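Engineer: next one to model:
(chains A, B and C)
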Amino acid sequence: MENVNEVRQLDVPDIKRGTPLKQRASRLLKSYQLYLFVLPAVLYYVLFHYVPLYGIQIAFKNFLAFKGIAGSPWVGLEHFERFFRSFEFTKIILNTIKLSVLQLVVGFPAPIILALMLNQLMHKRFKKFVQTVIYAPHFISTVVIAGMLFLFLSPDTGMVNKLIGLFGGEPVFFMGDPDWFRPVYVLSEIWQNTGWGTIIYLAALTTISPELHESAVVDGANKFQRILHIDIPGIMPTAVILLILSTGNIMSLGFEKVYLLQTPLNLPSSEIISTYVYKTGLVGAQYSFSTAVGLFNSIINFIILITVNQIAKKASNTSLW
Amino acid sequence: MNNRRKKLLVSFLSVMMSVSVLSACAGNNNDGVEPSKEPNQTEAAQTPEATDGGGEQGVFPIAEKVTLEMVTCKHPNNGPFEEMDFFKQYEEKTNVQIEWTDIEFAQCEEQRNLILASGELPDAFYGTLALTGNDVINYGGQGMLVPLEQYITKETMPNLTALIEQNPKYKAMLTAPDGHIYSLPSIRELMLWLSPDMMYLNKEWLDKLELAVPTTTDELRTVLEAFKTKDPNGNGKNDEIPFSFLWDFANYNVMGIGSLFGTFGRADSANHIFVEDGKVVFSAKEPEYKEAIQYYHSYFKDGLFDKESLAQDRNQLVGKGSGTEQRLGGFFSWNAFSVVGVDNDPKYVLVPALKGPNGDQVWRKSLSNNQGVNPFAFSMTAANEHPELTMQWIDLSYATDTSIEAGWGPIGTTLEDKDGTLTLKEAPAGLTTDQYVFKTAPVEAPYAILENTYGTRLAMADKDKVKIDGIKENYLPYMTSETFPGVLFTAEESQKIKTLDTDINSYVNQTSAKWLLQGGVDGEWDKYLADLQKMKVDELISIYQTAYDRFKSAQ
Amino acid sequence: MFKRSLADIWFDRVNMLLIVTGLAIIVYPLYFVVLASVTDPGAVQMTLFWPEKFSLEGYKKILDSDNLWVGYKNSFVYAILGTIINLCLTLPAAYALSRKDMKGRSTVMLFITFTMFFSGGLIPTYLTVKELGLLDSVWAMVIPNAVGAWNLIIARTFFQSTIPDELLEAAKIDGCSDAKFFWKMVLPLSQALIAIMVLFYGVAHWNSYFNALIYLRDQELFPLQLVLRSILIENQISNDMMTDMSSMGDQLRAAELIKYGMIIIAALPLLILYPFLQNYFVKGVMIGSIKG
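Structural biologist: Model (predicted):
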């Protein structure tokens, strides 16, 4: 936090300060425009998100398509109980949280670090080239990613194991070992999405005034110091907001990739909420059950988000509201 | 964000699943290409005119055109339904016009549910892809679908009535637990379904090593050991994979290892449910299962079975089977060429059901695809104002030749009549025969092709003949177990099964896979049995038992 | 630039080394995708740096589809139109919500964030879209996702940290209205933000197929991703329907090829777009302030 203050002192110099008191009256009058700015978005949310919200009630009902959402019979908490009573409930929740947290702890800082590094590249065209290349994996479909992982990690023909063999190691059966599931998942996520994730930080970095850097250089700061004291504080608000948003996603890990990477051998660590719900019969349009589980996840996520948001507000003065 | 995204993924996956299920049941129709037109002994006997004359029976063509709205899901290869020659002819014959809502395959799941949920009911749902079993049972019970048994009479539906009278088991398969029939079937009684599992070994290697095709597990072990150690591909490298397969736990239609477990007296299947003397058995908790696991663990331990079998997808297996240098000694598959390619296909030979160490010799009798009967191919809704006419209309589809035309395209267009046998013609340039058939006929439709039709009235495709002959010769005599029949469960039963089954199956799968790879079944078997009890395996068995008893009494 | 210190020289070297290593790790699988899209699937497993058995079957199947170009065209329309709508709704709202002097902004933020977690599900949303008469039209592809909460929050954060209060105060003294200030000052200062919004929204539109799946029935309106998925499914599923072995074997292989080829065909426009947008990152803002 000291860093932020430092920066502030550096930069305030020469822009005219206004005289709020005088302006207050006219400002209030004029601020109706701000509400007009927000109005279309708010209308959109009302129409497409709040109006359909009545659908949530099917989590407490036995949804019968013919009778519609309103006409279906209430069943109370039956669907939730069914979920909580699942034999593997604890294991599944733990697996979900472990994977999510690992993903967050390793995956969240990665694009920040990479963006800071890229920002230091002096050769503009090379920088552009690197950016474009690392952005590309984002567009590879999950099915193909999963297929490639099986291929590269195969103990028989996979190149990773060939490399291990080159250094005299024994081949590792990555996809057949519960202990390897999480590292494989998280590392491949990092591979796929770090480049994409840097975009936002690179954009944030461009908004830092070059003057700050110039005066820091005059003061004898080296690159590393400038990253620490200028760049990082500069992207902090963005990073904090992104962190808040990602913590609010802990319970709802994507389903497709985990499912595709599951094998009977790694199931002890790869069964998570979404794959489990899928297997218990979502295919047969079990709207009520899946809505109930989704609602359960959302409530937990939302509580986490609110908590983290409060903490962030106190600690860094950055928050969602 | 989360909900939306999850749904999206789920829907995608469900498409994937249905795709893989379908492809696992290889053979859907071509298998069914059968002609049965010899004066079609069976049906014709009971329903005069059933064959061609169905159309002329009294009612049709009706005097004033009637329009019916039907919803169907297209197979990915289908074109628009209204442009199909099959339906154009049908309309001419009947003067009933169908207004199709034909949903693209990729959208089927969502669109169907949205149609149902938003209350725009059509007059009928047509085709096997349109409604699922759950839908039929649920919506039937809710009064959304009309009970059809009242129409299945000689007067209204002569073709179907004859069919059911001959095969009472069809009636049992169609009857919902509440005693009503809410849907009409699509029947393709093909021997192909009996064994999705086929076991292949590399004949070239066998010849080179001067070994015979094994008949016992001991001989199999010898062969695989030789494959592993004697460099049968002759490249000087120890790169042979003696035997590889898929332990496809998510979608286990071809489940060769389950059949191989029969060498200890009881085969295994995806849900582990069998019927023995009228009693439902859960194979994975019986002693034979333990013995089999223990025995085949030694194959994994000694590198005779590829350990990746337990954790690979289909593409990897295909990759192993089709490199430039031959590396694969053997595998389970629906047929050889889908693993090793057309060129290598002749190099692999079918292995018969093996005799185990104790002399047991059993092969899994599969009910894949419900033995070719899909009970949910046509349903009529409560919104239909011409129920009688609709039923008369659909009954035409159960005449032998119309059945063939619905599945293989109109006679004279895609099929030609050669001495009483219907054979597929060359497709017009730019189309494969299959594409042509799918453009002219619905294919995944309500109709009935009986076992004696395929190979007589309808010519049999070569690859099906190969497979059927292979089954008859190598596996059929050893299919001593009775598989659980295609029963309709109540909504409550199916939900209960789903819930129990998800836990139990995933537990059985992961434990068995671990035992096969790392051993330890001996020490952990008792705990495993205790865990299965905790997961209420007995309740699962009793649900199946109830449904089975109900099925038996419905016949 | 200033003279680099020794520490900086080393920093640059290490940095370069790390980036080049990372680049190599990232590039290889990308190269593999390209390679696999032109390699006979049977040989993919053995392929390292060069196609073992060259095959263009996958691309041929994809390009043969009549719907492909229609899909491309539709996707362009949806992405461009959709992004314009997104920007028109998101940017003003985000700016207003970034203004500390706007009363009730916390409530609005909570109101919007809430929708990221709770939704009524597929059916009610579908019914809403249906009642608005959007089904089976271009609008179904661009209106139901007119604002992304995540993007809105990002945009707000950017405005908050890049537009100094002082600037606003100064403008107010000159009698500038909020709308005018937003238009004349905020937007020109926010090129980097606009660039990433274009990118995020544009890519989301380009890659999405779920709305098409539920709101569209007319094949003529299908976006590229849905067309590609259909091609893939068509090739995966039909293999067992085949009457003769050779066409069945071909089909089986083609599905694999298509999977890889699809990625390249779908991602190409986005890979071309990105370098152009990058220009706006560099020009950026020249104003000296960090926090508002």
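Engineer: in what helix or strand does B:Glu335 lie?
Structural biologist: No Glu there; residue B:335 is Asn. Using DSSP states H and E, B:Asn335 maps to neither a helix nor a strand.
Engineer: mind checking how far the residue of chain B most remote from its centre is from B:Leu206?
Structural biologist: Most distant residue from the mean C-alpha position of chain B: B:Gly236, 42.5 Å away (CA atoms, centre = their mean). Plainly put, B:Gly236 is 20 Å away from B:Leu206 if you go by CB to CB, to the nearest Å. From N, CA and C alone the C-beta is placed, and that goes for glycine too.
Engineer: same question, B:Arg221
Structural biologist: The value you get for B:Arg221 to B:Leu206, if CB to CB is used, is 14 Å.
Engineer: longest helix anywhere in chain B?
Structural biologist: As assigned by DSSP state H, the longest helix anywhere in chain B is helix B:491-518.
Engineer: the helix or strand following that helix near chain A at all?
Structural biologist: Heading C-terminal from helix B:491-518, the first helix or strand you meet, by DSSP H and E, is helix B:521-534. Yes. Residues of helix B:521-534 contacting chain A under CB under 8 Å from any CB of the partner chain: B:Lys534.
Engineer: ok, now which ones touch C:Thr115?
Structural biologist: For C:Thr115, the contact set (CB atoms under 8 Å, 6 or more residues apart in numbering or on different chains) comprises A:45, A:49-50, C:149.
Engineer: go through those residues and name the one nearest C:Asn211.
Structural biologist: Relative to C:Asn211, the closest of these is A:His49; by CB to CB it sits at 14.5 Å.
Engineer: quick check, the closest one in a helix?
Structural biologist: Yes. Counting by DSSP: H, G, I helix; E, B strand; the rest coil, A:His49 is located in a helix.
Engineer: for it, which non-adjacent residue is spatially closest?
Structural biologist: C:Thr115 (4.1 Å; CB to CB, 6 or more residues apart in numbering or on different chains).
Engineer: now the one you found. Its backbone dihedrals?
Structural biologist: phi -70, psi -20 (degrees, to the nearest 10).
Engineer: equivalent analysis for the one 5 residues further on, please.
Structural biologist: In terms of degrees, to the nearest 10, the main-chain angles of C:Gly120 are phi -80, psi -10.
Engineer: that one: neighbour count?
Structural biologist: If you count neighbours by other CB atoms under 10 Å in any protein chain shown, C:Gly120 ends up with 24.
Engineer: pretty sure it sits against A:Ile58.
Structural biologist: No. Using CB atoms under 8 Å, C:Gly120 is not in contact with A:Ile58, being 9.0 Å away.
Engineer: what's the distance between B:Ala377 and B:Thr215?
Structural biologist: 42 Å.
Engineer: which of these two has more neighbours?
Structural biologist: Between B:Ala377 and B:Thr215, counting by other CB under 10 Å, B:Ala377 is the more crowded of the two (26 against 14).
Engineer: give me the secondary structure label for that one.
Structural biologist: Applying three-state DSSP: B:Ala377 is strand.
Engineer: for it, give its distance to B:Asp531.
Structural biologist: Counting by CB to CB - B:Ala377 and B:Asp531 are separated by 40 Å.
Engineer: with C:Met16 instead?
Structural biologist: 56 Å.
Engineer: now B:Tyr348
Structural biologist: 40 Å.
Engineer: more neighbours: these two, which one.
Structural biologist: Neighbour count, other CB under 10 Å: between B:Tyr348 and B:Asp531, B:Tyr348 has more, with 27 against 17.
Engineer: is that one bridged to anything, and to what?
Structural biologist: Beta bridges link B:Tyr348 to B:Asn202 when assigned by DSSP bridges.
Engineer: number of residues surrounding C:Leu228?
Structural biologist: C:Leu228 has 25 nearby residues by other CB under 10 Å.
Engineer: quick one: contacts for it?
Structural biologist: C:62, C:68, C:71, C:262, C:265-266.
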